[in-house]
Every structure is written in structure tokens, then in C-alpha cells.
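> got a predicted structure plus its sequence, pasted below:
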Amino acid sequence: MFRRVSGWLLVAGFVAGNSAAAAAPGFYGLGDLPGGGYSSAANDVSDDGLVVVGESIGASGTSGFRWTAAAGIQPLPLATATATNADGSVVAGKNLRWTAATGALPMQGVFDLDFGAHAAAMSSSGNVVVGTWDLVHSFRWVSGAGAATAVGDFSLAADVTGDGAAVLGLGTLGPGIWRAGQPVQLLGSLPSELVNYPVSLADNGSVAVGIYLDFLGQLKSYRWTQADGMVPLPHLVPGSPQLLAADISGDGTRIVGVDAGGTRQDAFLWTPSYGTLDLQNWLVANGFAIPAGWSLSTATAISANGLTIVGEGVNPQGQTEGWAVRLPGPGDATRDGIVDGADYTAWADHFLTTTNLFAHGDFNWDGLVDGADYTVWADHFAPFAASPFAAGTIAVVPEPGAGWLLASGGALLVLARRMRAGRRGANAER
């Protein structure tokens, strides 16, 4: 559920398709469409992370595209591709909605005026599309229900939950969440804000992110929950003038975007435990081989399962190019697609250390390698068959009982191994 940022006007981005095969964890440059100038940008990714969509300059001008590891970059019959459903089988862009069976068809009641109608987001089935037309009118279009309708008094519809029932948007009273037949749930405001734009909504509608302009003219980002309200996100570079959140994972625990601090522009990843991270530096520290010369300038979307991040950057030839990063599934510290003894060793070697690296066995991303991470490893242990990178959940919380006993046993084994090593060292000194 990506919200593409241009200046400080937000246009949400998603596109679709089906994937024949999952790519291995790693970094991927997406290339561009043939003909025209070399340029591409990833706008969105399917919920399972298998399909990336965006726009590129081809022989006939700017066109939407669909990318998979198996097929590479392929053009779509859309001027731009800005919204996709869960499995990538439905795409919406400016004024149009596409499926492989129907081709690109106009959405009834979505008007193409001076600035056109831009799809911002789509439900999991693809049967509900929300967005903004002519820059100042929201719409919610439902397949088979006739013409699109306005979303309450929203001038901007930014995102929609997977079931299509809740819409994040901006109304006369500020940012809020619309549900049919209910009062708009207002998100509130920040003391220092002048303007507030909601950006992305978690799948269950309980967590949102947005961007606000403060009194100093700086663009900043926040994370909203009903319990805590709006909480500003920390910047990568203290005092940098812009931190623009672009998307949030399905469970609301991972946020991506761009920190534009002075002369640099860097993609960021935020989690509750890690805070705001420089995405490229964090990936390299986790063992990802990003080709020399690449600069990941903007992260534009994250898959619902939190395991694929896409964006745009500058390739080694100095050209703007879209990219995708496939993170390993739960328990796979070595990033080989298999959860086995080597991953246990990574966990054991860093047991009880504080780290922000899943390569060190922090499989639940809480900043501490402990028994809970052992449970994640044990629950996904499959040494003889590659497990799809998208399998599993974002964070696994151990339940009482056998799982915790196993985790405790694993912890004791690590401590015993270290004690034995200490005794061997002491005996050697005698």
C-alpha cells in the first residue's frame, strides 16, 4: 500500500499481476521498458511480495509495468500503475482498472477532469478501489455496484483495508478513518502541524501513518494508533528537513519511506524496536550484496507480510531505476531459503546479544536474540526443502507450553556450550 511522494503532494501507488515463481531473498534491480530514456520506479508490491509494479519510460512514453523474478519487467496498458490487490491479478491506475481477462476498463463514475482520477489503493480482492479525482474529491468504487461514490467528506482517499470496509483519508476535520454507517474516526493532530496528510493504513485499520508540515516548513512523519495517537517518527539525520513515510506493513510494525536530509536522500525502514534505520546500510550489515554504485534513495512500498520492500534509486550507470529487496522468511538467518542448523548456529552464536540484525538470529525483530527467536526458528525448521520467502508471519510471539520449554532448552544448551568452552580455556591455562 504505497503512497508515492512528489514534492509534498501524495499520489498512492499500486499495480498488479500474477507470479509464477518466488525470487530468492536478495536485491533486484528492475530494469526499464525498452525504448525511450532509461528510467523506472517501483510504486507497489503485491501482498505476498511476488509482483512489483510501477512506471517506466518506454518507446511510446511513460507506461505502467509489472515485474516478477521469472518474467522481468513487462508493460501494462496503463499510463501509470498505482494500485494492486493481494495476488497482483487486478491493477488500477489513472482512470482505469485492469485485469488480464478484461484488459483496461474505465471505472464508472470516476471522472477524468483536469488532473484525472488516481487510484490510491485497492482491497485484497481488487473489487474495491479508492482514490482522488481532480485533486480535491475522494472516491470509492465497488465492482458491480455502479458509479463510484464519495468517501464521506474526504477530499483525499489514501488507503483501504484488505476487506474494503475502512478507508483512510483527509476530511474537513482532518485525517480520519471512514467506515460505512459510522462516524469518521478522527486521528487527531500534532501541536506543531500546519498541514496533515494521511498516507497508509494497516490491514485491520488499527495503525496508520502520515506526513505533516510543521511551523518551520519541515515535512515530518507520524505513526498513529488508537492508544497512543500520533507519534512522530525519528529522523535518520537529526534535524533533517524531511522524513516522508510511504507505506506500512499489514500488521503495522514496519514503515518505509525516505529521509531527505540536506544533500542526501536515503530510503529508511522503521520498526518499534529498531527505530529509524538507513535501509541500505542495514541491508549490507545483514549480508545483502547490493552492487557497487547503487544508491537506494527512496523506499516506496512494503508488502503486507513485511518481507519485500520496493522503491527507486540510482543505478551504477547514474540512471533512475526501480529496485526490490526480498527479505528472508522467519528463521532464515543465512538467507538461503532454508531454515536449518546453520540458522540455529547464527542464533546460538549471538544468544542474549542486543542487535538489529536478523542475520544474528533476531528473528522477531525485537532487538534481542533470546528464546523467542529460537521459537521462531523451531516453528519454521525445514532443513530439506526451501521455504518460500514470503511464508510465515512478520513477528512470532511464543505461547506458553511446549514452545517455550523448547526455547528455554535451547537457551540452556547455548549457556552450557559457552560454559564448556570456558572450562576448556581454563584447563588449557593450568
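Received the coordinates, thanks.

> so what's L168 up against?
157-160, 175-178, 198-201, 208 (C-beta atoms under 8 Å, 6 or more residues apart in numbering). Placement of C-beta: from N, CA and C, glycine included.

> mind putting these into TSV with pLDDT and distance to V91?
As requested, those are exported to TSV (pLDDT from 0 to 100; distance: C-beta to C-beta, whole Å):
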residue	pLDDT	distance to V91
A157	96	18
A158	97	18
D159	97	17
V160	97	15
P175	97	27
G176	97	28
I177	98	25
W178	97	24
P198	97	23
V199	97	21
S200	98	19
L201	98	20
A208	98	24
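
> of those residues, closest to T353?
Using C-beta to C-beta, S200 comes nearest to T353 of these, at 32.5 Å.

> that's a strand at that closest one, yeah?
Yes. With DSSP: H, G, I helix; E, B strand; the rest coil as the criterion, S200 is located in a strand.

> any chance of the contacts of L168 in CSV, plus neighbour count and distance to G109?
CSV is the format used below for the contacts of L168 (neighbours: other C-beta atoms under 10 Å; distance: C-beta to C-beta, whole Å):
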residue, neighbour count, distance to G109
A157, 30, 14
A158, 30, 19
D159, 30, 20
V160, 30, 17
P175, 27, 25
G176, 22, 23
I177, 22, 23
W178, 24, 18
P198, 29, 23
V199, 29, 25
S200, 29, 25
L201, 28, 23
A208, 27, 26
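
> kindly list the main-chain dihedrals of the nearest residue to L156 once chain neighbours are set aside?
Among residues not flanking L156 along the chain, L170 sits closest, at 4.1 Å (C-beta to C-beta, 6 or more residues apart in numbering). L170 adopts backbone torsions of phi -120, psi 120, taken as degrees, to the nearest 10.

> from Y222, how far off is the nearest residue to Q242 once chain neighbours are set aside?
Closest residue in space to Q242, ignoring its immediate chain neighbours: A260 at 3.9 Å, by C-beta to C-beta, 6+ apart. Distance of A260 to Y222, given as C-beta to C-beta, to the nearest Å: 17 Å.

> neighbour count: those two, which is higher?
Under the criterion of other C-beta atoms under 10 Å, the comparison of A260 against Y222 puts Y222 first, with 25 against 21.

> so who does A289 touch?
G26, F27.

> with A292 instead?
P316.

> sec struct for it, please.
When classified by three-state DSSP, A292 comes out as coil.

> relative to Q317, how far out is it?
From A292 over to Q317 the distance is 12 Å, taken as C-beta to C-beta.

> now V45
24 Å.

> what about the two, which has more around it?
Counted by other C-beta under 10 Å, V45 and Q317 do not tie: V45 has more neighbours, with 33 against 8.

> quick check: phi and psi at that one.
Main-chain dihedrals, V45, degrees, to the nearest 10: phi -140, psi 140.

> which residues pair with it across the strands?
According to DSSP bridges, the residues that bridge with V45 are V52.

> contacts only, for the nearest residue to G103 once chain neighbours are set aside.
Setting aside the residues directly before and after it, G103 is nearest to P77 in space (C-beta to C-beta, 6+ apart), at 6.4 Å. If you count contacts by C-beta under 8 Å, 6+ apart, P77 has them with G64, W98, G103, A104.

> of those residues, just say which sits nearest to A324.
Nearest member of the contacts of P77 to A324, counting by C-beta to C-beta, is G64, at 16.1 Å.

> looking at this, the closest one is in a strand?
Yes. Applying three-state DSSP, one finds G64 inside a strand.

> give the contact list for L219.
Counting by C-beta under 8 Å, 6+ apart, L219 makes contact with W8, I211, Y212, L213, P241, Q242, L243, L244.

> one more time with 7 Å
Listed by C-beta atoms under 7 Å, 6 or more residues apart in numbering, the contact set of L219 reads W8, I211, L213, Q242, L244.

> run through this structure and note the low-pLDDT ranges.
Residues of the chain meeting the criterion pLDDT under 70: 1-23, 110-115, 262, 385-430.

> ok, L135 to M107 distance?
L135 sits 17 Å away from M107, going by C-beta to C-beta.

> may I see the buried residues of the helix or strand encompassing A208?
Element membership for A208, per DSSP states H and E: strand 207-214. Within strand 207-214, the residues that count as buried by 16 or more other C-beta atoms under 10 Å are V207, A208, V209, G210, I211, Y212, L213.
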